[in-house]
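A.B. asks: quick one: sequence and predicted model below, then my questions.
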Amino acid sequence: MTQVLRDKQIVLGITGGIAAYKAADVASRLVKAGATVDVVMTEAATQFVTPLTFQALTHRPVITEMFALLRETEIGHVSLAQRADLLVIAPATANTIAKLAAGLADNMLTATALDTQAPILLAPAMETGMWENPLTQDNMARLQNTRDVTVVGPGVGRLASGGVGSGRMAEPAEIVDWARVILGRGGSLAGQRVVVTTGGTQEPIDPVRFIGNHSSGKMGYALALAARDRGAQVTLVSAPTALPAPVGVQLVAVQTAQEMRQTVLAALPESDVLIMAAAVADYRPAVAVAHKIKKGETGLELNLVRTTDILAEVATRRAGLGRPRVVGFAAETQDLVANAQAKLKAKRLDLMVANDARQAMGADVNQVTLLDASGGIEELPLLPKDEVAERVMDRVVELLQGGSNEQADEQALE
Ligand code: CTP
């Protein structure tokens, strides 16, 4: 699990809309990720969900009244505002948005919002007419021009009225993802441009068939999120996968090894780190037949030709530059360390992540061995892929802080 939410102080503001019930999921996800969550509800919000729900989820008192007598252990808006790392308002009604834009402080939530220096994450939810009203839009623009406000949603969907339109609150998972992005902004990869490749390339045989592999893309997506959560600007070059587009990451969809090569090479001058987690086809059909191949009485032979080795080409192009740092993956089914070491050398990598292809592909867990350019070997235990991604990112941070890769530089002098 990502570390970025751990021990963070998050104030979760809940205002009066039917989506308030979804805020329970937001609170639960934040708490599970290790954040301390103080829930502040408006009077209207308590008409939809009870404070007890949030108290049970956060294990903390829920604040509903501005002027209730506070015990020493409880918290007033000043201390709440001051210790918040992030203020999330989900759902945010048109009424509360108008108050925030006008600088009103007539309840505990608006007072905290006015007082705090923390960034604000706003998830609006309202009827379409209210959302599209120029007054609401003006309020949103004003807020975004004056405060560090990130807006997530609203999306199009079923609304409280039973109608369908824009105004539906973003999904809790997406809201929490944005919380991660905002809190990760100053992280250990802040300012770094990281390119991650993922998925298994597909090489067309004809318009309906291709040569592919079992890669699920999960490892690459986990790496992209881990880099994002540390503040990196991430481009994810993804061969086809079944995974949803990640939040806060630039996704470039490709299909073939050739498309992936072009995209990676184009991004190279602008990148500080390249992580090649994709399972790139080594061979493609010599021709992609224009029409669907019809079956015949005899067998069918496919003529395959080699694709370009992207990492080998990257090694040549970056030689002498010391940038980007390059991390490769070795998918092996035998002699893991020896084969991975040979690839690390041949492709002049800074770091190699070696795994058993039979266990890794498609799974949610992975057991990898990390090999570095100076001969270091670190065998990690079996871990969830997001945990593996964190360990790889720790090494990437070290690489960026450390000296140059002598092997890559020596080659440049030859
Ligand atoms: N790779 C690449 N371009 C290719 C093939 C692989 O950049 N055409 C990258 C992969 O993304 C991975 C690394 O090279 O980071 C090693 O890939 P792997 O499939 O393990 O090995 P190969 O180099 O293809 O060698 P082999 O198939 O013989 O094991």
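C.D. replies: Okay, I see it.
A.B. asks: for the closest residue to the ligand within the stretch 51-200 of the chain, list each beta-bridge partner.
C.D. replies: The stretch 51-200 of the chain approaches the ligand most closely through T197 (6.2 Å), counting by CB to the nearest ligand atom. Quick note: C-beta positions are derived from backbone N, CA and C, even for glycine. Beta bridges link T197 to V237, M276, judged by DSSP bridges.
A.B. asks: quick one: pLDDT of it?
C.D. replies: For T197, the pLDDT comes out at 98.
A.B. asks: swap in G403?
C.D. replies: pLDDT for G403: 60.
A.B. asks: same deal with Q359?
C.D. replies: 82.
A.B. asks: which SS class is it?
C.D. replies: helix (DSSP: H, G, I helix; E, B strand; the rest coil).
A.B. asks: quick one: contacts for it?
C.D. replies: Residues in contact with Q359 (CB atoms under 8 Å, 6 or more residues apart in numbering) are N366, Q367.
A.B. asks: and the gap between it and K385?
C.D. replies: 12 Å (CB to CB, to the nearest Å).
A.B. asks: overlap in contacts of those two?
C.D. replies: Jointly contacting Q359 and K385 under the rule CB under 8 Å, 6+ apart are N366.
A.B. asks: what's the local residue count around the residue of the stretch 51-200 of the chain closest to the ligand?
C.D. replies: For T197, the count of nearby residues is 31 (other CB atoms under 10 Å).
A.B. asks: contacting residues for it?
C.D. replies: By CB under 8 Å, 6+ apart, the contact list for T197 reads 220, 236-239, 260, 264, 274-278, 280, 310.
A.B. asks: and if we set it to 10 Å?
C.D. replies: 217, 220, 223-224, 235-239, 252, 254, 260-261, 263-264, 267, 274-280, 310-311, 329 (CB atoms under 10 Å, 6 or more residues apart in numbering).
A.B. asks: again with A179
C.D. replies: With contact set as CB under 10 Å, 6+ apart, A179 has these partners: 4-5, 8, 10, 12, 26, 29-30, 33, 35, 85-86, 88, 90, 119, 121, 150, 152.
A.B. asks: what do you get for V264?
C.D. replies: By CB under 10 Å, 6+ apart, the residues touching V264 are 195, 197, 235, 237, 252, 254, 271, 274, 276, 278, 280, 310-311, 313-314.
A.B. asks: for it, what are phi and psi?
C.D. replies: When quoted as degrees, to the nearest 10, the phi and psi of V264 stand at phi -70, psi -50.
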